[in-house]
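> Build me a model from this:
(chains A and B)
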Amino acid sequence: MTVRTHLIGLLSLFVSAFAIPAGGQDGATISVHQPWARASILASRPAAAYLTILNKDDRPVTLVALETPAAGRAEVHQTIKQGDFMKMVPAGPIEVPAGGSVHMEPGGYHVMLMDLERPIEKGETFTLTLHFANASPIAISVPVLGPGARGPEDD
Amino acid sequence: MRVVRGFLAAVALALAVALGAAYVMRGPAPGLMVNQPLQEIFAKPGSVPIGGQFSLVDDMGQPVTNDDFAGKLRLVFFGFTNCPDICPTTLAEIARTIELLKDDADAMTYLFVSLDPERDTPAVMAEYVKAFDERIRGLTGTVDQVDAMADTYRVAYEKVGMDGEAYQGSGDYLVSHQGNTYLMSKSGEYLTHFSYGTAPEEMAETIREAIARFGGAGGAT
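Residues are numbered from 1 along each chain as shown, chains lettered A, B, ... in the order given. As a prediction, this is how the structure comes out:
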(Lines give C-alpha, C1' and ligand atoms only; values in the text may rest on other atoms or scores of the structure.)
Protein backbone atom coordinates (compact mmCIF):
# COMPACT_ATOMS: atom_id res chain seq x y z
CA MET A 1 0.00 0.00 0.00
CA THR A 2 2.72 2.44 1.05
CA VAL A 3 4.80 1.41 -1.93
CA ARG A 4 1.88 2.05 -4.21
CA THR A 5 1.19 5.48 -2.65
CA HIS A 6 4.83 6.43 -3.20
CA LEU A 7 4.64 5.17 -6.74
CA ILE A 8 1.56 7.28 -7.37
CA GLY A 9 3.35 10.29 -5.85
CA LEU A 10 6.36 9.79 -8.11
CA LEU A 11 4.15 9.33 -11.13
CA SER A 12 2.23 12.51 -10.34
CA LEU A 13 5.48 14.49 -10.02
CA PHE A 14 6.74 13.03 -13.25
CA VAL A 15 3.62 13.80 -15.27
CA SER A 16 2.65 17.14 -13.72
CA ALA A 17 4.76 19.08 -16.22
CA PHE A 18 2.94 17.77 -19.28
CA ALA A 19 -0.26 16.26 -17.94
CA ILE A 20 -3.48 16.25 -19.92
CA PRO A 21 -6.07 18.42 -18.15
CA ALA A 22 -8.59 16.21 -16.37
CA GLY A 23 -11.61 16.63 -14.15
CA GLY A 24 -15.08 15.42 -13.34
CA GLN A 25 -16.85 18.04 -15.44
CA ASP A 26 -17.93 17.72 -19.05
CA GLY A 27 -15.64 20.56 -20.14
CA ALA A 28 -12.47 18.74 -19.10
CA THR A 29 -10.44 16.69 -21.54
CA ILE A 30 -10.62 13.57 -19.39
CA SER A 31 -13.88 13.04 -17.53
CA VAL A 32 -15.63 10.32 -15.56
CA HIS A 33 -19.35 9.69 -15.98
CA GLN A 34 -22.17 7.68 -14.44
CA PRO A 35 -20.29 6.19 -11.51
CA TRP A 36 -22.22 3.75 -9.32
CA ALA A 37 -21.47 0.92 -6.98
CA ARG A 38 -23.31 -2.09 -5.65
CA ALA A 39 -23.79 -2.48 -1.94
CA SER A 40 -21.42 -5.11 -0.54
CA ILE A 41 -24.07 -6.70 1.73
CA LEU A 42 -21.34 -8.01 4.04
CA ALA A 43 -18.02 -6.44 5.04
CA SER A 44 -16.35 -9.75 4.27
CA ARG A 45 -17.20 -9.66 0.60
CA PRO A 46 -15.91 -7.28 -2.08
CA ALA A 47 -18.07 -4.63 -3.69
CA ALA A 48 -17.92 -3.48 -7.31
CA ALA A 49 -18.09 -0.02 -8.81
CA TYR A 50 -18.74 0.89 -12.42
CA LEU A 51 -18.11 4.06 -14.42
CA THR A 52 -17.29 5.47 -17.84
CA ILE A 53 -14.06 7.34 -18.64
CA LEU A 54 -14.23 9.74 -21.57
CA ASN A 55 -11.04 11.00 -23.23
CA LYS A 56 -11.47 14.01 -25.54
CA ASP A 57 -7.73 14.52 -25.88
CA ASP A 58 -5.81 13.55 -29.00
CA ARG A 59 -3.50 11.36 -26.90
CA PRO A 60 -4.50 8.14 -25.10
CA VAL A 61 -4.51 8.19 -21.28
CA THR A 62 -3.82 5.24 -19.04
CA LEU A 63 -5.60 4.51 -15.76
CA VAL A 64 -2.93 3.05 -13.48
CA ALA A 65 -4.35 3.05 -9.96
CA LEU A 66 -7.43 3.73 -7.85
CA GLU A 67 -7.89 4.65 -4.23
CA THR A 68 -10.84 5.16 -1.92
CA PRO A 69 -11.36 5.51 1.82
CA ALA A 70 -14.17 2.94 1.44
CA ALA A 71 -11.82 0.01 0.75
CA GLY A 72 -8.31 -1.10 1.61
CA ARG A 73 -7.72 -2.00 -2.01
CA ALA A 74 -9.35 -0.96 -5.29
CA GLU A 75 -8.40 -2.50 -8.63
CA VAL A 76 -9.92 -2.78 -12.06
CA HIS A 77 -10.87 -6.38 -12.77
CA GLN A 78 -12.36 -7.87 -15.87
CA THR A 79 -14.89 -10.65 -16.26
CA ILE A 80 -13.89 -12.88 -19.12
CA LYS A 81 -16.25 -15.37 -20.68
CA GLN A 82 -14.58 -18.51 -22.06
CA GLY A 83 -17.41 -20.55 -23.53
CA ASP A 84 -19.81 -20.68 -20.58
CA PHE A 85 -16.94 -20.48 -18.08
CA MET A 86 -16.69 -17.12 -16.30
CA LYS A 87 -13.38 -15.89 -15.00
CA MET A 88 -12.41 -12.69 -13.22
CA VAL A 89 -8.88 -11.39 -13.63
CA PRO A 90 -7.07 -8.13 -12.80
CA ALA A 91 -7.28 -5.93 -15.88
CA GLY A 92 -3.94 -4.16 -15.36
CA PRO A 93 -3.48 -0.59 -16.64
CA ILE A 94 -6.46 0.53 -18.72
CA GLU A 95 -5.74 2.63 -21.78
CA VAL A 96 -8.47 5.06 -22.79
CA PRO A 97 -7.92 5.74 -26.50
CA ALA A 98 -7.58 9.28 -27.86
CA GLY A 99 -11.06 10.62 -28.51
CA GLY A 100 -12.53 7.42 -27.07
CA SER A 101 -13.94 5.97 -23.87
CA VAL A 102 -13.79 2.98 -21.57
CA HIS A 103 -17.07 1.73 -20.26
CA MET A 104 -17.24 -0.36 -17.09
CA GLU A 105 -20.43 -2.36 -16.59
CA PRO A 106 -21.59 -5.65 -15.04
CA GLY A 107 -20.06 -8.61 -16.83
CA GLY A 108 -17.08 -6.61 -18.11
CA TYR A 109 -14.66 -4.20 -16.49
CA HIS A 110 -15.39 -3.36 -12.87
CA VAL A 111 -13.60 -1.64 -10.03
CA MET A 112 -13.25 -4.28 -7.38
CA LEU A 113 -13.32 -2.85 -3.86
CA MET A 114 -11.55 -5.21 -1.48
CA ASP A 115 -10.55 -5.33 2.19
CA LEU A 116 -13.59 -3.42 3.42
CA GLU A 117 -13.60 -2.36 7.06
CA ARG A 118 -17.37 -2.18 7.08
CA PRO A 119 -20.10 -3.03 4.55
CA ILE A 120 -20.70 -0.51 1.74
CA GLU A 121 -24.39 0.23 2.13
CA LYS A 122 -27.10 1.35 -0.24
CA GLY A 123 -27.76 5.10 -0.09
CA GLU A 124 -24.28 6.20 0.90
CA THR A 125 -21.62 7.71 -1.37
CA PHE A 126 -17.85 7.38 -1.28
CA THR A 127 -14.94 9.13 -2.95
CA LEU A 128 -12.97 7.24 -5.58
CA THR A 129 -9.76 8.74 -6.98
CA LEU A 130 -8.55 7.65 -10.41
CA HIS A 131 -4.83 8.00 -11.10
CA PHE A 132 -3.60 8.20 -14.66
CA ALA A 133 -0.08 7.72 -15.99
CA ASN A 134 -0.22 10.88 -18.05
CA ALA A 135 -3.04 13.03 -16.67
CA SER A 136 -3.86 14.56 -13.32
CA PRO A 137 -5.92 12.43 -10.92
CA ILE A 138 -9.70 12.69 -10.85
CA ALA A 139 -11.69 12.31 -7.64
CA ILE A 140 -15.35 11.42 -8.04
CA SER A 141 -18.25 10.72 -5.73
CA VAL A 142 -19.76 7.26 -6.23
CA PRO A 143 -23.38 6.61 -5.18
CA VAL A 144 -24.06 3.15 -3.72
CA LEU A 145 -27.12 1.42 -5.17
CA GLY A 146 -28.76 -1.80 -3.99
CA PRO A 147 -26.98 -5.16 -4.25
CA GLY A 148 -29.32 -6.08 -7.12
CA ALA A 149 -28.77 -2.91 -9.17
CA ARG A 150 -27.99 -3.64 -12.79
CA GLY A 151 -27.07 -0.14 -13.99
CA PRO A 152 -26.70 3.49 -12.87
CA GLU A 153 -30.47 4.08 -13.19
CA ASP A 154 -31.48 1.13 -10.99
CA ASP A 155 -31.86 1.28 -7.24
CA MET B 1 -9.64 -7.65 -71.37
CA ARG B 2 -12.29 -9.08 -73.66
CA VAL B 3 -10.94 -12.58 -73.05
CA VAL B 4 -11.26 -12.13 -69.28
CA ARG B 5 -14.81 -10.83 -69.59
CA GLY B 6 -15.78 -13.77 -71.82
CA PHE B 7 -14.25 -16.20 -69.38
CA LEU B 8 -16.16 -14.62 -66.44
CA ALA B 9 -19.41 -14.80 -68.38
CA ALA B 10 -18.82 -18.49 -69.04
CA VAL B 11 -18.11 -19.14 -65.36
CA ALA B 12 -21.25 -17.23 -64.34
CA LEU B 13 -23.37 -19.21 -66.82
CA ALA B 14 -21.94 -22.53 -65.60
CA LEU B 15 -22.65 -21.52 -62.00
CA ALA B 16 -26.21 -20.50 -62.84
CA VAL B 17 -26.85 -23.82 -64.53
CA ALA B 18 -25.35 -25.77 -61.63
CA LEU B 19 -27.38 -23.83 -59.05
CA GLY B 20 -30.55 -24.21 -61.07
CA ALA B 21 -30.01 -27.96 -61.28
CA ALA B 22 -29.33 -28.15 -57.56
CA TYR B 23 -32.56 -26.24 -56.84
CA VAL B 24 -34.65 -28.54 -59.05
CA MET B 25 -33.08 -31.64 -57.52
CA ARG B 26 -33.39 -30.57 -53.89
CA GLY B 27 -36.69 -28.74 -54.01
CA PRO B 28 -37.39 -25.40 -52.36
CA ALA B 29 -35.21 -24.18 -49.49
CA PRO B 30 -36.28 -25.48 -46.03
CA GLY B 31 -37.32 -21.95 -45.03
CA LEU B 32 -40.14 -22.09 -47.56
CA MET B 33 -41.71 -25.19 -46.09
CA VAL B 34 -45.03 -24.82 -44.31
CA ASN B 35 -46.42 -26.74 -41.34
CA GLN B 36 -42.96 -26.96 -39.86
CA PRO B 37 -43.21 -27.99 -36.20
CA LEU B 38 -42.13 -25.37 -33.65
CA GLN B 39 -38.63 -25.95 -32.40
CA GLU B 40 -38.70 -27.88 -29.11
CA ILE B 41 -37.15 -25.72 -26.39
CA PHE B 42 -37.25 -28.27 -23.56
CA ALA B 43 -35.40 -31.55 -23.29
CA LYS B 44 -37.56 -34.59 -22.57
CA PRO B 45 -37.31 -34.94 -18.77
CA GLY B 46 -34.70 -37.57 -17.97
CA SER B 47 -33.10 -37.48 -21.42
CA VAL B 48 -30.19 -35.18 -20.52
CA PRO B 49 -27.77 -36.40 -17.82
CA ILE B 50 -27.66 -33.12 -15.89
CA GLY B 51 -29.05 -32.89 -12.35
CA GLY B 52 -30.19 -35.64 -10.03
CA GLN B 53 -29.65 -36.54 -6.41
CA PHE B 54 -27.70 -34.22 -4.14
CA SER B 55 -27.43 -33.51 -0.46
CA LEU B 56 -26.54 -30.05 0.77
CA VAL B 57 -27.26 -27.68 3.67
CA ASP B 58 -29.77 -24.85 3.31
CA ASP B 59 -29.40 -21.27 4.52
CA MET B 60 -30.99 -22.15 7.85
CA GLY B 61 -28.40 -24.85 8.44
CA GLN B 62 -30.79 -27.74 7.67
CA PRO B 63 -29.71 -30.70 5.53
CA VAL B 64 -31.59 -30.84 2.21
CA THR B 65 -31.70 -33.27 -0.71
CA ASN B 66 -33.03 -33.17 -4.24
CA ASP B 67 -36.25 -34.85 -3.08
CA ASP B 68 -36.99 -32.09 -0.55
CA PHE B 69 -37.72 -29.80 -3.48
CA ALA B 70 -40.02 -32.25 -5.33
CA GLY B 71 -43.30 -30.87 -6.61
CA LYS B 72 -42.09 -27.58 -8.07
CA LEU B 73 -40.08 -26.64 -11.13
CA ARG B 74 -36.70 -25.25 -10.14
CA LEU B 75 -34.25 -22.66 -11.27
CA VAL B 76 -30.77 -23.72 -10.16
CA PHE B 77 -27.74 -21.42 -10.41
CA PHE B 78 -24.25 -21.46 -8.97
CA GLY B 79 -21.83 -18.90 -7.62
CA PHE B 80 -20.16 -17.61 -4.49
CA THR B 81 -20.92 -14.67 -2.24
CA ASN B 82 -17.41 -13.17 -2.46
CA CYS B 83 -18.00 -12.59 -6.14
CA PRO B 84 -18.23 -8.88 -6.94
CA ASP B 85 -19.49 -8.85 -10.51
CA ILE B 86 -20.99 -11.97 -12.10
CA CYS B 87 -22.95 -13.45 -9.19
CA PRO B 88 -24.71 -10.26 -8.07
CA THR B 89 -25.57 -9.69 -11.73
CA THR B 90 -27.00 -13.21 -12.03
CA LEU B 91 -28.91 -12.90 -8.74
CA ALA B 92 -30.20 -9.45 -9.72
CA GLU B 93 -31.46 -10.91 -13.00
CA ILE B 94 -33.09 -13.86 -11.23
CA ALA B 95 -34.75 -11.40 -8.81
CA ARG B 96 -35.99 -9.37 -11.78
CA THR B 97 -37.26 -12.58 -13.45
CA ILE B 98 -39.18 -13.46 -10.25
CA GLU B 99 -40.68 -9.97 -10.32
CA LEU B 100 -41.72 -10.39 -13.98
CA LEU B 101 -43.33 -13.78 -13.24
CA LYS B 102 -45.70 -12.12 -10.77
CA ASP B 103 -48.23 -14.76 -9.60
CA ASP B 104 -46.46 -17.50 -11.56
CA ALA B 105 -43.33 -16.96 -9.45
CA ASP B 106 -44.65 -19.23 -6.70
CA ALA B 107 -44.79 -22.20 -9.07
CA MET B 108 -40.98 -22.26 -8.97
CA THR B 109 -38.21 -22.91 -6.45
CA TYR B 110 -35.09 -20.76 -6.81
CA LEU B 111 -31.87 -22.38 -5.64
CA PHE B 112 -28.55 -20.53 -5.43
CA VAL B 113 -25.80 -23.09 -4.83
CA SER B 114 -22.45 -21.94 -3.42
CA LEU B 115 -19.27 -23.10 -5.13
CA ASP B 116 -17.26 -21.74 -2.19
CA PRO B 117 -18.53 -23.73 0.80
CA GLU B 118 -15.47 -22.91 2.90
CA ARG B 119 -16.43 -19.24 3.13
CA ASP B 120 -20.15 -19.49 2.40
CA THR B 121 -21.63 -20.72 5.65
CA PRO B 122 -25.43 -21.07 5.90
CA ALA B 123 -25.54 -17.72 7.77
CA VAL B 124 -23.57 -15.95 5.01
CA MET B 125 -25.82 -17.50 2.35
CA ALA B 126 -28.97 -16.38 4.21
CA GLU B 127 -27.73 -12.80 4.49
CA TYR B 128 -26.69 -12.76 0.84
CA VAL B 129 -29.77 -14.19 -0.89
CA LYS B 130 -32.26 -12.13 1.10
CA ALA B 131 -30.58 -8.97 -0.24
CA PHE B 132 -31.94 -9.97 -3.67
CA ASP B 133 -35.25 -11.76 -3.11
CA GLU B 134 -36.69 -13.59 -0.11
CA ARG B 135 -37.80 -16.41 -2.41
CA ILE B 136 -34.24 -17.38 -3.39
CA ARG B 137 -32.88 -20.22 -1.24
CA GLY B 138 -29.16 -20.39 -0.59
CA LEU B 139 -27.58 -23.86 -0.53
CA THR B 140 -24.10 -24.77 0.65
CA GLY B 141 -22.54 -27.79 2.37
CA THR B 142 -19.23 -29.52 2.86
CA VAL B 143 -16.62 -29.30 0.10
CA ASP B 144 -17.44 -32.91 -0.87
CA GLN B 145 -21.20 -32.27 -0.97
CA VAL B 146 -20.77 -29.20 -3.17
CA ASP B 147 -18.28 -31.03 -5.40
CA ALA B 148 -20.78 -33.84 -5.91
CA MET B 149 -23.66 -31.44 -6.63
CA ALA B 150 -21.59 -29.42 -9.13
CA ASP B 151 -20.52 -32.65 -10.80
CA THR B 152 -24.15 -33.76 -11.13
CA TYR B 153 -24.94 -30.46 -12.83
CA ARG B 154 -21.76 -30.59 -14.97
CA VAL B 155 -20.67 -27.27 -13.48
CA ALA B 156 -16.90 -26.81 -13.61
CA TYR B 157 -15.30 -24.43 -11.12
CA GLU B 158 -11.89 -23.61 -9.70
CA LYS B 159 -10.28 -21.25 -7.20
CA VAL B 160 -8.22 -18.47 -8.72
CA GLY B 161 -5.85 -16.15 -6.83
CA MET B 162 -6.55 -12.41 -6.77
CA ASP B 163 -3.80 -11.96 -9.36
CA GLY B 164 -5.76 -14.07 -11.84
CA GLU B 165 -3.29 -16.98 -11.57
CA ALA B 166 -3.89 -20.46 -10.11
CA TYR B 167 -4.66 -20.31 -6.38
CA GLN B 168 -1.64 -21.10 -4.22
CA GLY B 169 -3.61 -22.20 -1.16
CA SER B 170 -3.37 -19.09 1.01
CA GLY B 171 -4.87 -15.61 1.00
CA ASP B 172 -7.89 -14.32 -0.87
CA TYR B 173 -9.30 -15.98 -3.95
CA LEU B 174 -12.12 -15.86 -6.45
CA VAL B 175 -13.93 -18.82 -7.97
CA SER B 176 -14.08 -19.11 -11.75
CA HIS B 177 -17.18 -21.04 -12.72
CA GLN B 178 -19.72 -21.82 -15.36
CA GLY B 179 -22.42 -19.18 -15.47
CA ASN B 180 -25.40 -21.28 -16.59
CA THR B 181 -28.79 -21.14 -14.87
CA TYR B 182 -30.65 -24.46 -15.09
CA LEU B 183 -34.38 -24.90 -15.44
CA MET B 184 -35.22 -28.28 -13.93
CA SER B 185 -38.36 -30.38 -13.74
CA LYS B 186 -40.35 -30.99 -10.55
CA SER B 187 -38.22 -34.02 -9.81
CA GLY B 188 -34.97 -32.29 -10.69
CA GLU B 189 -34.45 -33.37 -14.30
CA TYR B 190 -32.91 -31.06 -16.87
CA LEU B 191 -35.34 -29.15 -19.09
CA THR B 192 -33.18 -26.31 -20.43
CA HIS B 193 -30.62 -23.75 -19.34
CA PHE B 194 -29.96 -20.04 -19.71
CA SER B 195 -26.47 -18.75 -20.46
CA TYR B 196 -25.04 -15.93 -18.38
CA GLY B 197 -26.49 -12.64 -19.59
CA THR B 198 -29.88 -13.97 -20.75
CA ALA B 199 -32.43 -11.15 -20.33
CA PRO B 200 -34.91 -11.61 -17.45
CA GLU B 201 -37.76 -11.08 -19.95
CA GLU B 202 -36.55 -14.10 -21.97
CA MET B 203 -36.11 -16.24 -18.84
CA ALA B 204 -39.58 -15.33 -17.57
CA GLU B 205 -41.13 -16.22 -20.93
CA THR B 206 -39.42 -19.63 -21.06
CA ILE B 207 -40.33 -20.32 -17.41
CA ARG B 208 -44.00 -19.49 -18.14
CA GLU B 209 -43.88 -21.89 -21.06
CA ALA B 210 -42.39 -24.58 -18.78
CA ILE B 211 -45.08 -24.01 -16.15
CA ALA B 212 -47.75 -24.39 -18.86
CA ARG B 213 -46.11 -27.54 -20.23
CA PHE B 214 -44.92 -29.28 -17.08
CA GLY B 215 -47.51 -28.03 -14.65
CA GLY B 216 -47.50 -25.60 -11.78
CA ALA B 217 -46.92 -26.49 -8.15
CA GLY B 218 -47.88 -29.96 -6.89
CA GLY B 219 -48.19 -33.33 -8.65
CA ALA B 220 -45.44 -35.49 -10.12
CA THR B 221 -42.69 -34.55 -12.60
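
> So which bits of chain A are right by chain B?
A:38-39, A:41-42, A:44-48, A:77, A:79, A:81, A:84-90, A:106-107, A:110, A:112-114, A:146-150 (Cβ under 8 Å from any Cβ of the partner chain). For glycine as for every other residue, the C-beta is placed from the backbone atoms N, C-alpha and C.

> Can you say which of the residues you listed are buried?
Those of the residues of chain A next to chain B that meet the buried threshold are A:38-39, A:41-42, A:45-48, A:77, A:79, A:85-89, A:106-107, A:110, A:112-114, A:146-150, by 16 or more other Cβ atoms under 10 Å in any protein chain shown.

> What segments of the chain are helices?
Since you didn't name a chain, this refers to chain A. Applying DSSP state H to chain A gives helices spanning A:2-16.

> Please refer instead to chain B.
B:2-26, B:86-101, B:122-130, B:143-152, B:200-214.

> ok so, going back, which ones among the residues of chain A next to chain B lie within strands?
Residues of the residues of chain A next to chain B located in strands (DSSP state E): A:38, A:47-48, A:77, A:79, A:81, A:85-90, A:110, A:112-114.

> What is the nearest of those residues to B:Tyr196?
B:Tyr196 has its nearest neighbour among those in A:Met86, at 6.1 Å by Cβ to Cβ.

> what residues are up against that closest one?
Neighbouring residues of A:Met86 by Cβ atoms under 8 Å, 6 or more residues apart in numbering or on different chains: A:Thr79, A:Ile80, B:Ile86, B:Ser176, B:His177, B:Gln178, B:Gly179, B:Tyr196.

> Tell me how far it lies from B:Leu115.
11 Å (Cβ to Cβ, to the nearest Å).

> joint contacts of the two?
In contact with both A:Met86 and B:Leu115: B:His177, using Cβ under 8 Å, 6+ apart.

> how about the residues of chain B near chain A?
B:81-86, B:88-89, B:91-93, B:95-96, B:119, B:124, B:127-128, B:131-133, B:156, B:160, B:162-164, B:172, B:174, B:176-180, B:195-197.

> any idea which of the helices of chain B scores lowest on pLDDT?
The minimum mean pLDDT among the helices of chain B belongs to helix B:2-26 (a mean of 46).

> which of the ones in strands among the residues of chain A next to chain B lies closest to A:Lys122?
A:Arg38 (8.7 Å).

> Tell me who's in contact with that closest one.
Taking Cβ under 8 Å, 6+ apart as the criterion, A:Arg38 is in contact with A:Ala47, A:Ala48, A:Ala49, A:Val144, A:Leu145, A:Gly146, A:Pro147, A:Ala149, B:Pro84, B:Pro88.
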